[in-house]
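Chemist: need coordinates for the below:
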Amino acid sequence: MILDRILEHKRAEIRRKNSRGYLADLKTRIRDAGPTMGFAVTLDARRTPTRPALIAEVKKASPSLGLLRPEFEQRFDPVAIAEAYREQGATALSVLTDKDYFQGSLEYLADVKRKVDLPALNKEFMVAEIQFYEARAYGADAVLLIVAGLEKRQLLDFAALAKELSLDVLVETHHERELDIVLEWLPDVRMIGINNRDLKTFSTDLGVTQRLAKRIPSDKLIVSESGIHKRADVVRVVEAGVHAMLIGESLIRAHNIGAKIRELLDDDTNKEKP
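Modeler: Predicted coordinates for the structure are as follows:
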């Protein structure tokens, strides 16, 4: 399974990073940083019953598709992409930082946060405590915990560490068993993500969101991830009870990012006149 390969590679990467000096440098950087922006609070404030909050993803490549645009081979500008998202009404950002499978970078996250005044999720495969210090040091406001890749004890410890570092947590689930783990072990978590992508086949099915959302308590923010490409998809997840949606590939690959966001949000403002 692709997730297993990514996590194995990530653990090896972390072993190379682990040193007392590196952690000390991160902690110094965190002390000099300003407060985080409330990721969950912003999503909640910006959503409406018919229009979910949009978490727009800054993403260069994926394991299944490779580079998402041919021109990224020569030039990838995460700040320009993030600025376009902000100008077109995105509520928050997600920035891929995994290097080997997604061609991301912590520097991309830092650059985006310096220039774009939106809360940002560090989209990373979290397997070790030092990654949370990295996320905070490089400007993240929230981190991702993938239930499929973590033991229950890790979920508890990582959620506690994130809170200590003033980072919001988006806990990602794929099926009922994982959702039950979250509801039992992390009852206070605010954001629950439902990833519509099958980790074995990489195919997507919005029926996953429709199935799981009805099991989530009303005090949670439900985030649908992957497989949202057109307005009908947005309507489908909204009717399932979703409060926010995380979208990357369909925005990045669109000829016009602004037009694509307006299509997804059904926003008639600023549409070009014929």
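Chemist: going along the chain, name the strands of this structure.
Modeler: 53-58, 61-62, 66-67, 92-96, 120-123, 142-146, 168-173, 191-195, 221-225, 244-247 (DSSP state E).
Chemist: pLDDT of the second one, averaged?
Modeler: On average, the pLDDT along strand 61-62 is 94.
Chemist: quick one, helices of the stretch 101-250 of the chain?
Modeler: 106-115, 130-137, 152-164, 176-185, 207-213, 231-239, 249-252 (DSSP state H, counting those that start in this stretch).
Chemist: packing partners of the third one?
Modeler: In other words, helix 152-164. Contacts defined by 3 or more C-beta pairs under 8 Å, 6 or more residues apart in numbering; DSSP states H and E place helix 152-164 against helix 130-137, strand 142-146, strand 168-173, helix 176-185. Yep, even glycine has a C-beta here, placed from its N, CA and C like the rest.
Chemist: what strands line up against the third one, and which way round?
Modeler: Read it as strand 168-173. strand 142-146 (parallel), strand 191-195 (parallel) (DSSP bridges).
Chemist: which parts of the first one are buried?
Modeler: Residues of strand 142-146 classed as buried: 142, 143, 144, 145, 146 (neighbour count, 16 or more other C-beta atoms under 10 Å).
Chemist: ok, of the residues you listed, which one's closest to residue 183?
Modeler: residue 145 (14.0 Å; C-beta to C-beta).
Chemist: residue contacts, the closest residue to that closest one other than its chain neighbours?
Modeler: Once flanking residues are discounted, residue 145 sits nearest to residue 171: 4.9 Å by C-beta to C-beta, 6 or more residues apart in numbering. Residues near residue 171 by C-beta atoms under 8 Å, 6 or more residues apart in numbering: 145, 147, 155, 159, 182, 186, 189, 191, 192, 193.
Chemist: angle of the lengthiest helix in the chain against helix 130-137?
Modeler: Longest helix of the chain, by residue count under DSSP state H: helix 2-17. With axes from the mean of the first three to the mean of the last three C-alpha atoms, to 10 degrees applied, the angle from helix 2-17 to helix 130-137 works out at 80 degrees.
Chemist: what's around residue 128, how many residues?
Modeler: 17 (other C-beta atoms under 10 Å).
Chemist: isn't it up against residue 7?
Modeler: No. Counting by C-beta atoms under 8 Å, residue 128 stays clear of residue 7, with 10.7 Å between them.
Chemist: rewinding a little: distance to residue 263 added to the strands of the chain, as JSON lines?
Modeler: Converted to JSON lines, the strands of the chain look like this (distance: least, C-beta to C-beta, whole Å):
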{"stretch": "strand 53-58", "distance to residue 263": "12"}
{"stretch": "strand 61-62", "distance to residue 263": "22"}
{"stretch": "strand 66-67", "distance to residue 263": "24"}
{"stretch": "strand 92-96", "distance to residue 263": "19"}
{"stretch": "strand 120-123", "distance to residue 263": "23"}
{"stretch": "strand 142-146", "distance to residue 263": "26"}
{"stretch": "strand 168-173", "distance to residue 263": "25"}
{"stretch": "strand 191-195", "distance to residue 263": "22"}
{"stretch": "strand 221-225", "distance to residue 263": "17"}
{"stretch": "strand 244-247", "distance to residue 263": "11"}
